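Engineer: Quick one, fold the following:
(one chain, ligands or ions: 1)
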Amino acid sequence: MLRSLQLPRAATARSAFKQSSLPSVIAPRLRRSYATESEEKDLVIIGGGVAGYVAAIKAGQEGLKVTCIEKRGTLGGTCLNVGCIPSKALLNNSHLYHQILHDTKNRGIEVGDVKINLEQLMKSKDTAVSGLTKGVEFLFKKNNVEYIKGTASFAGEHEITVNLTEGGEKTVVGKNIIIATGSEATPFPGLEIDEKRIITSTGAIALTKVPESMVVIGGGIIGLEMGSVWSRLGSKVTVVEFLGQIGGPGMDAEVAKAAQKVLKKQGIDFKLSTKVMGGDASGEKVKLQVEAAKGGKEETLDADVVLVAIGRRPYTAGLGLENIGLETDDKGRLVIDSEYRTKIPHIRVIGDCTFGPMLAHKAEEEGVAVVEYIKKGYGHVNYGAIPSVMYTHPEVAWVGQNEQEVKASGVKYKVGNFPFTANSRAKTNLDTEGFVKIIADAETDRILGVHIIGASAGELIAEGTLAIEYGASSEDVGRTSHAHPTLSEAFKEAAMATYGKAIHF
Ligand SMILES: Cc1cc2nc3c(=O)[nH]c(=O)nc-3n(C[C@H](O)[C@H](O)[C@H](O)COP(=O)(O)OP(=O)(O)OC[C@H]3O[C@@H](n4cnc5c(N)ncnc54)[C@H](O)[C@@H]3O)c2cc1C
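Structural biologist: Numbers count the residues shown, from 1 in each chain. Coordinates of the predicted model:
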């Protein structure tokens, strides 16, 4: 709207909004009685997800006058509301249920009738979510962050119009602006999402009944986590994956194979190298036509529920990017430089709606770094040391390069492996599935990648991340004392196996 006025970049909204200078077609709209404008802020953040809320808190701590605009009604974005947190609550409790059903007798624990109360299971998930989202609101207050509930769109390069959730409009003006609008599930062409029978992860964390059968389209992390939840609760789950391995291309092939074997043992069926051609939800069951990725005989899969988990795409709809001449690339990402600046330097972008892995902790790192760039001119995120975790049981976690990537790079490397069957804590826990695999440069011994499948892999990977961040060699890790008996000793032993020999295997 303001773009048509061709404001110079430095013009403030105050001067821009002088009604007398507006063309008559625009003026009546701006004269709507409930529109208000606010003082200029040092920083305005669009999106209160992990990227946005962390940046807001950091900005408050740095003494910046900061406003965060969020349209969802609660803070925390995808991660806290419909992503990391609710999915982990369901993973944790469904694992407990599964363990009580199948893994207590041999431990000397005898239990009676075990039943699932789905309503209560969902309630306990909701309690975790609301506790955490309210916690972020508290942190906003503590750090003097102004929180505006509403939908933001650019009116100019410094002006943002907010459609307030409670009704009315407000103009917010920022010297600096951060876009942190996140991502959304990528739809599957031809399958209409209703979040009941054809669902995304958002529907998968809120089903009101355990479906008899579920087909998951996409064998990546989200698909396998949600598939695990419903399989443990009693659904017959089939995962259809276009690639020849599960876990996505980032997962080490050896680990992916091991993970698939364990998940298969738990009752999940896999159709790899298979593509979904189309679906029909008109009957009692949803019918999916699938065929071999390279072409072949068609097959029809019947399911009560189909989970579409083929990935996520950046979300920038309704932001009014066209009003300020910002464009997205062919994948929908906002283009930025190494300091998160768009081509309009005071507008920066972080989190899922720009480059890099769509992970909450990556978004969080960027939230801190971007404020440091604004305030001090420097910041730090090491994109080579961002861990990934799949919270199935066993968990799968990795950081750095996988073996296929190192091989393709032509670097000479060595590998050390240590199985949890040889780890004393895993043995005492009767939970010995999996191994630790370390890849190091053959000449320098510097660790290039760490890959773990096993209970608590998501916790253990922190040590691998620190090792890579500090440029550690496998010998550095192998010569570091690790408490006994802990699963982390498997990490030490894998490091020892990389530069020499493990003791216990
Ligand atoms: C099921 C699931 C499980 C996941 N599990 C994990 C996990 O275990 N670990 C992990 O690291 N990551 C996980 N993720 C990914 C993680 O949730 C995202 O990477 C993270 O939320 C990205 O943060 P963000 O702030 O960039 O975006 P988001 O969290 O998506 O936040 C963006 C916010 O911007 C708001 N917004 C958008 N447009 C506007 C507008 N115009 N005006 C105002 N507000 C707006 C949205 O409402 C949203 O709240 C998971 C995701 C899903 C879906």
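Engineer: Any residues of the chain in contact with the ligand? List them.
Structural biologist: 46-52, 69-72, 77-79, 83-84, 87, 151-152, 180-183, 201, 222, 315, 318-319, 351-352, 358-361, 363 (C-beta under 6 Å from any ligand atom). (C-beta placed from N, C-alpha, C; glycine too.)
Engineer: Provide a list of residues in contact with the residue most central in space within the chain.
Structural biologist: In the chain, the centroid-proximal residue (C-alpha atoms, centre = their mean) is Leu359; its distance is 3.5 Å. Contacts for Leu359 (C-beta atoms under 8 Å, 6 or more residues apart in numbering) come out as Ile386, Ser388.
Engineer: circling back: take the residues of the chain next to the ligand and keep only those in strands.
Structural biologist: Ile46, Ile69, Glu70, Thr151, Ala152, Ser183 (DSSP state E).
Engineer: need the contact list for Lys264.
Structural biologist: Residues near Lys264 by C-beta under 8 Å, 6+ apart: Phe270.
Engineer: which element is it on?
Structural biologist: helix 253-265 (DSSP states H and E).
Engineer: I'd like the next helix or strand past that helix.
Structural biologist: As assigned by DSSP H and E, the chain's next helix or strand after helix 253-265 is strand 269-271.
Engineer: follow-up on the earlier one: any quick PyMOL command for the buried ones out of the residues of the chain next to the ligand?
Structural biologist: Remark: buried members of those, expressed as a PyMOL selection using 16 or more other C-beta atoms under 10 Å:
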select buried, resi 46+47+48+49+50+51+52+69+70+71+72+77+78+79+83+84+87+151+152+180+181+182+183+201+222+315+319+351+352+358+359+360+361+363
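Engineer: Among the residues of the chain next to the ligand, which lie within helices?
Structural biologist: Judged by DSSP state H, the residues of the chain next to the ligand include 50-52, 77-79, 84, 87, 201, 222, 360-361, 363 as members of helices.
Engineer: I'd like to know how far Val276 sits from Gly203.
Structural biologist: Going from Val276 to Gly203 by C-beta to C-beta, to the nearest Å gives 17 Å.
Engineer: The two: which has the busier surroundings?
Structural biologist: Neighbours were counted for Val276 and for Gly203 using other C-beta atoms under 10 Å; Val276 has more, 24 against 21.
Engineer: Using the three-state scheme, assign that one.
Structural biologist: Per DSSP: H, G, I helix; E, B strand; the rest coil, the local secondary structure of Val276 is strand.
Engineer: That one and Ile217 touch, don't they?
Structural biologist: Yes: applying C-beta atoms under 8 Å, one finds Val276 in contact with Ile217, separated by 5.3 Å.
Engineer: thinking again about what came up before, quick check: phi and psi at the residue nearest to the centre of the chain.
Structural biologist: Phi and psi for Leu359, reported as degrees, to the nearest 10, are phi -130, psi 150.
Engineer: Likewise for Gly400?
Structural biologist: The phi/psi pair for Gly400 (degrees, to the nearest 10) is phi 80, psi -160.
Engineer: check contacts around it.
Structural biologist: Listed by C-beta under 8 Å, 6+ apart, the contact set of Gly400 reads Gly384, Ala385, Ile439, Ile447, Leu448, Gly449, Val450, Gly464, Ile468.
Engineer: Distance of the third one relative to Thr432?
Structural biologist: Just to be clear, that refers to Ile439. Distance, Ile439 to Thr432, by C-beta to C-beta: 23 Å.
Engineer: Same check on the last one?
Structural biologist: Relative to Thr432, Ile468 is positioned 26 Å away (C-beta to C-beta).
Engineer: okay, these two: which has more neighbours?
Structural biologist: Ile468 (22 against 18).
Engineer: Surely that one is in contact with Tyr383?
Structural biologist: No: contact criterion C-beta under 8 Å: Ile468 and Tyr383 do not qualify, at 11.3 Å.
Engineer: Can I get stretch 385-399 in CSV, CA atoms only?
Structural biologist: What follows is stretch 385-399 as a C-alpha-only set of coordinates in CSV (Å, rounded to 0.1, in the frame of the first residue of the first chain):
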residue,chain,number,x,y,z
ALA,A,385,28.1,-28.7,13.7
ILE,A,386,24.3,-28.8,13.8
PRO,A,387,23.2,-32.1,15.2
SER,A,388,20.1,-34.0,13.9
VAL,A,389,18.1,-36.4,16.0
MET,A,390,15.3,-38.9,15.3
TYR,A,391,13.5,-39.6,18.5
THR,A,392,12.3,-43.2,17.8
HIS,A,393,13.4,-46.0,20.0
PRO,A,394,16.3,-46.5,19.6
GLU,A,395,17.1,-42.9,18.8
VAL,A,396,19.2,-42.0,15.9
ALA,A,397,21.5,-38.9,16.0
TRP,A,398,24.3,-37.5,14.0
VAL,A,399,26.5,-34.5,13.4
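Engineer: and the helix holding Lys264, how far out from the chain's middle?
Structural biologist: 22 Å (C-alpha atoms, centre = their mean, to the nearest Å).
Engineer: If we go by neighbour counts, what in that helix is buried?
Structural biologist: Neighbour-count burial for helix 253-265, counted by 16+ other C-beta under 10 Å, picks out Glu254, Val255, Ala256, Ala258, Ala259, Gln260, Val262, Leu263.
Engineer: tell me the contacts of Thr300?
Structural biologist: By C-beta under 8 Å, 6+ apart, the contact list for Thr300 reads Lys287, Leu288, Gln289, Val290.
Engineer: So which of those residues is surrounded by the most neighbours?
Structural biologist: If you count neighbours using other C-beta under 10 Å, the busiest of these is Leu288, which has 24 neighbours.
Engineer: For that one, give me phi and psi.
Structural biologist: In terms of degrees, to the nearest 10, the main-chain angles of Leu288 are phi -120, psi 130.
Engineer: Quick check: pLDDT value at whatever residue of the stretch 101-250 of the chain ends up closest to the ligand.
Structural biologist: Residue of the stretch 101-250 of the chain nearest the ligand, by C-beta to the nearest ligand atom: Gly182 (2.1 Å). We have a pLDDT of 98 for Gly182.
Engineer: swap in Val240?
Structural biologist: We have a pLDDT of 98 for Val240.
Engineer: List the residues that contact the residue nearest to Leu233 when sequence neighbours are not counted.
Structural biologist: Nearest non-adjacent residue to Leu233, counting by C-beta to C-beta, 6 or more residues apart in numbering: Val210, 4.9 Å away. By C-beta under 8 Å, 6+ apart, Val210 lies in contact with Ile116, Leu118, Trp230, Leu233, Gly234, Ser235.
Engineer: count of neighbours near Ala185?
Structural biologist: Burial of Ala185 is recorded as 22 neighbouring residues (other C-beta under 10 Å).
Engineer: what separates the closest residue to it other than its chain neighbours from Glu119, distance-wise?
Structural biologist: Among residues not flanking Ala185 along the chain, Thr200 sits closest, at 3.8 Å (C-beta to C-beta, 6+ apart). Thr200 is 22 Å from Glu119, where distance means C-beta to C-beta.
Engineer: If you count surrounding residues, which of the two has more?
Structural biologist: The neighbour count for Thr200 versus Glu119, taken as other C-beta under 10 Å, is higher for Thr200 (22 against 8).
Engineer: these two touch, right, that one and Leu307?
Structural biologist: Yes: in this structure, Thr200 is within contact of Leu307 by C-beta under 8 Å, at 7.4 Å.
Engineer: Next, count neighbours for Thr444.
Structural biologist: Counted with other C-beta under 10 Å, the neighbours of Thr444 add up to 11.
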